[in-house]
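>>> have a look at this prediction, sequence included:
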Amino acid sequence: MSAMETQLKKLKKNDHVLRNEIIAEYLPYVNRIVNRIATHLPPTVEVDDLVNVGIIGLIQAIERYDPTRDNKFMTYAVFRIKGAVLSELRSRDFLGRTTRKKIRNLEKAYLKLEQQLGREAKDEEVAEEMEMDMEQFYQVKRMSSISFISFEEIGCTTQEEKDSFLNFLAGEDSGDALSLTTVKEIKATLAKHIEHLPEKERLVVSMYYSDEMTMKEIGLTLGITESRVSQIHSQAVIRLRSKLRKDGFLED
């Protein structure tokens with residue numbers, strides 16, 4: 001157990017001094033997480049607002065963390081911070097219905113062409129299928145990587161269903177057997193599809209989601225530009241989402 005996790009174990013409800021020390025200790029992680037998410041966002045989204053939301057997620061993690069459980073605080077806190085930021089973005093609906101529809105059509109176009117051609121579809125072919133010029137196509141492609149999977153797409157529509165789903169993912173107790181089964185199935189299916197991604201896409205997905213690296217760090221590691229990493233990431237997300245849709249996990 002780390003020194004900070006030992007402090008968390010000692011934390012009392014009204015000990016504001018110690019709580020503020022823990023917040024200050026983990027604040028760099030909030031900034032890092034928000035900046036990773038902000039890479040995919042339009043410039044109209046205020047990063048400082050998202051940092052404040054991330055801090056709220058961190059505070060919730062501090063208040064709800066159970067040191068007697070097996071999961072480490074850092075793992076739990078990262079999940080809560082990400083969840084708070086993504087929930088805020090969803091509530092703003094900055095993508096808009098039209099853009100979300102274009103993203104779904106993009107996934108379907110990739111899937112349709114790959115089935116027809118028997119190989120991976122090229123960007124130019126998909127743009128032609130969607131009757132878009134390349135600038136419009138790449139804009140939709142960039143936006144597609146902001147939100148991997150939404151609650152609504154996996155059938156969680158009520159707040160109770162969303163909370164149950166989040167609690168299970170965070171390692172908290174959940175009596176919802178359906179959520180448990182759904183998450184396990186999605187994770188197993190995703191793992192299978194990730195294994196079959198092209199090598200560079202598989203590497204980027206692993207570095208970004210498992211190793212928590214930024215796009216810039218991945219670029220330096222792989223010897224490519226940050227922009228190229230973002231393109232590879234978007235392509236992988238589109239490919240994985242289209243596979244999940246084909247498998248029946250995502251709703252239209």
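Nice, thanks for sending it over.
>>> quick one, helices of the chain?
For the chain, applying DSSP state H gives helices covering 3-10, 16-38, 47-64, 73-92, 96-117, 123-129, 134-144, 159-169, 177-195, 199-205, 215-222, 226-246.
>>> which parts of this structure belong to which domain?
The chain breaks down by automatic domain parsing into domains covering 3-92, 96-246.
>>> can I get those domains in a markdown table with mean neighbour count and mean pLDDT?
(Glycine included, C-beta is placed from N, CA and C.) As requested, these are exported to a markdown table (neighbours: other C-beta atoms under 10 Å; pLDDT from 0 to 100):
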| stretch | mean neighbour count | mean pLDDT |
| --- | --- | --- |
| domain 3-92 | 15 | 81 |
| domain 96-246 | 16 | 79 |
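>>> how much space between the closest residue to Leu113 other than its chain neighbours and Arg245?
Closest residue in space to Leu113, ignoring its immediate chain neighbours: Ala121 at 3.7 Å, by C-beta to C-beta, 6 or more residues apart in numbering. According to C-beta to C-beta, to the nearest Å, Ala121 and Arg245 sit 15 Å apart.
>>> can you check Val78 too?
According to C-beta to C-beta, Val78 stands 27 Å off from Arg245.
>>> go on, Glu185?
For Glu185, the distance to Arg245 - C-beta to C-beta - is 14 Å.
>>> Asp211 now?
Distance from Asp211 to Arg245, by C-beta to C-beta: 27 Å.
>>> how about Ser230?
22 Å.
>>> and Ser210, by the same measure?
Distance of Ser210 to Arg245, computed by C-beta to C-beta: 23 Å.
>>> same question, Leu113
Per C-beta to C-beta, Leu113 is found 15 Å from Arg245.
>>> how about Gln115?
With C-beta to C-beta as the criterion, Gln115 and Arg245 are 13 Å apart.
>>> now do Met74
33 Å.
>>> again, but for Arg97
Separation of Arg97 from Arg245 (C-beta to C-beta) stands at 18 Å.
>>> Ile232 touches Val204, doesn't it?
Yes - Ile232 is within contact range of Val204, at 4.7 Å (criterion: C-beta atoms under 8 Å).
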